[in-house]
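J.: 3D model of this:
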Amino acid sequence: MSRIVPVVLCGGSGTRLWPRSRKTKPKPFLPLVGDETMFEATLSRCNDPQRFASPVIVTGTAHIEHVEAQAKDAGASVIVEPQAKNTAAAIALAAHRLAPDAIMLVCPSDHHIADVPAFRAAAAAAAKLAADDWLVAFGIVPTAPETGYGYLKQGEPLGEGRRIERFVEKPDLQRAQQFLTSGEYSWNGGIFAFRAGFFLEELAKHRPALAEAVAAAVAGGEEDGARFHPDAAAFAAIEGESVDYAVMEETDRAAMVPAAMGWSDIGSWAALRDAAGADGAGNSVRGNAELVDCSGVFVDTDGPRVSAIGLSDIAIVVDGDEVLVTTMDGAQKVGKLGGATNQ
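T.: Residues are numbered from 1 along each chain as shown. Sure thing, here's the model as predicted:
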């Protein structure tokens, strides 16, 4: 089998992890877990010339400088979206720029994966199914009754994976617990493998207007060194939609491969606390801080010393002249803060 082509989707609004993450420098470009940025770690996972070809990166004009600075040694080609139109259009742009038989591995640029060998094994299994014209999702083996993720119900066995019997929206806690207990469900991690030509066929079948607009944007696009700029006017006509809704939930060729790889989308301060590694009391500290009688507390400070006593499930983040203090439950409302939206 030919080498897998990583397609890295790179962007974000920068609100969920404000104030560390900002619109001008969102989560992918920050070293949140370890010393590499999330984007650099994504590229590193695919830095195996025997398995992976050079990456294709899809990003927006606001982030092109970060992308090229952090991917300078990756030999990447970059597609610059004129505006954000969600994942179906972004993936279609990359598919048009590849040979029809190329196997694409679509990777968000801001996920944490602790077990790289497990990721690569799942990628190889997914690529085999994709070569037989299955549209393949990574089914993350669940470790808790999470209510913030979509779920995949596992169907009949299929090679090293399974058919997807159905997609399930984010459940309430009771349903999430039932899913976990049953062993029949996986988290939908937003990582996919497709044969480029077959993905475009399925997109045209289920979302013809979107497919036509992307094709026109590519046909009218221009090369600029390693950058490709789709035609802005044609791209503006696209009605943005996620790949899950536009293709995966519509096709009769949806499959999944199981992946137990220490995955997290780092979608909250609680997720970052857990991914960064906590002490015996569940606390995680980055920077100059002292905690006394605390549990489940996350502190991230870029300078000022933080001292906390008697707190539970609290995030304290200091970034320059911005300070955020929130409960872990309240952190999902950070986008309502004026500072987060006017950064």
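J.: which residue sits closest to residue 67 in space, ignoring its chain neighbours?
T.: Spatial nearest neighbour of residue 67, chain neighbours left out: residue 59 (4.9 Å); criterion: Cβ to Cβ, 6 or more residues apart in numbering. In short, each C-beta sits where N, CA and C put it, glycine included.
J.: Export stretch 215-226 to CSV, keeping only CA atoms.
T.: Provided in CSV are the C-alpha atoms of stretch 215-226 (Å, rounded to 0.1, in the frame of the first residue of the first chain):
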residue,chain,number,x,y,z
ALA,A,215,-14.5,22.0,-7.3
ALA,A,216,-15.0,25.4,-8.8
ALA,A,217,-12.8,27.0,-6.0
VAL,A,218,-10.0,24.5,-6.8
ALA,A,219,-10.3,25.0,-10.5
GLY,A,220,-10.0,28.7,-10.2
GLY,A,221,-7.3,28.6,-7.5
GLU,A,222,-3.7,29.8,-7.7
GLU,A,223,-0.4,28.3,-6.7
ASP,A,224,2.0,30.4,-4.6
GLY,A,225,5.1,28.3,-3.8
ALA,A,226,4.0,25.7,-1.3
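J.: still on that earlier bit, which residues touch the one helix or strand the residue nearest to residue 67 maps to?
T.: Take DSSP states H and E as the rule and residue 59 turns out to sit in strand 56-60. For strand 56-60, contacts defined as Cβ atoms under 8 Å, 6 or more residues apart in numbering pick out 5-11, 67, 71, 76-81, 83-84, 90-91, 93-94, 97-98, 104, 109.
J.: Could you rerun that using 6 Å?
T.: Applying Cβ atoms under 6 Å, 6 or more residues apart in numbering, the external contacts of strand 56-60 come out as 7-11, 67, 76-79, 81, 84, 90, 93-94.
J.: quick one, phi psi at residue 86?
T.: Main-chain torsions, residue 86, degrees, to the nearest 10: phi 70, psi -180.
J.: rewinding a little: in the sheet, who's paired with the residue nearest to residue 67?
T.: residue 10, residue 80 (DSSP bridges).
J.: any idea how far residue 230 is from it?
T.: 12 Å (Cβ to Cβ, to the nearest Å).
J.: same question, residue 3
T.: Taking Cβ to Cβ, one finds residue 3 at 25 Å from residue 230.
J.: who's more crowded, those two?
T.: residue 230 (25 against 15; other Cβ atoms under 10 Å).
J.: Point me to the helix or strand that includes residue 217.
T.: helix 208-219.
J.: Report the distance from that helix to the chain centre.
T.: 24 Å (Cα atoms, centre = their mean, to the nearest Å).
J.: So for that helix, what gets flagged as buried?
T.: Residues 210-211, 213-218 are the ones in helix 208-219 that count as buried (16 or more other Cβ atoms under 10 Å).
J.: Can you name every helix or strand that that helix contacts?
T.: helix 86-96, helix 232-236 (3 or more Cβ pairs under 6 Å, 6 or more residues apart in numbering; DSSP states H and E).
J.: Could you point out which of the ones you listed sits nearest residue 189?
T.: helix 86-96 (13.0 Å; Cβ to Cβ).
J.: Now that closest one: average pLDDT?
T.: Averaged across helix 86-96, pLDDT comes to 97.
J.: The helix or strand following that helix to strand 56-60, inter-axis angle?
T.: Next helix or strand after helix 86-96 toward the C-terminus (DSSP H and E): strand 103-108. Strand 103-108 runs at 40 degrees relative to strand 56-60, counting by axes from the mean of the first three to the mean of the last three Cα atoms, to 10 degrees.
J.: list the contacts for the spatially most central residue of the chain?
T.: Centroid check for the chain by Cα atoms, centre = their mean gives residue 108 as the closest residue, at 2.9 Å. Neighbour list for residue 108: 9, 190 [criterion: Cβ under 6 Å, 6+ apart].
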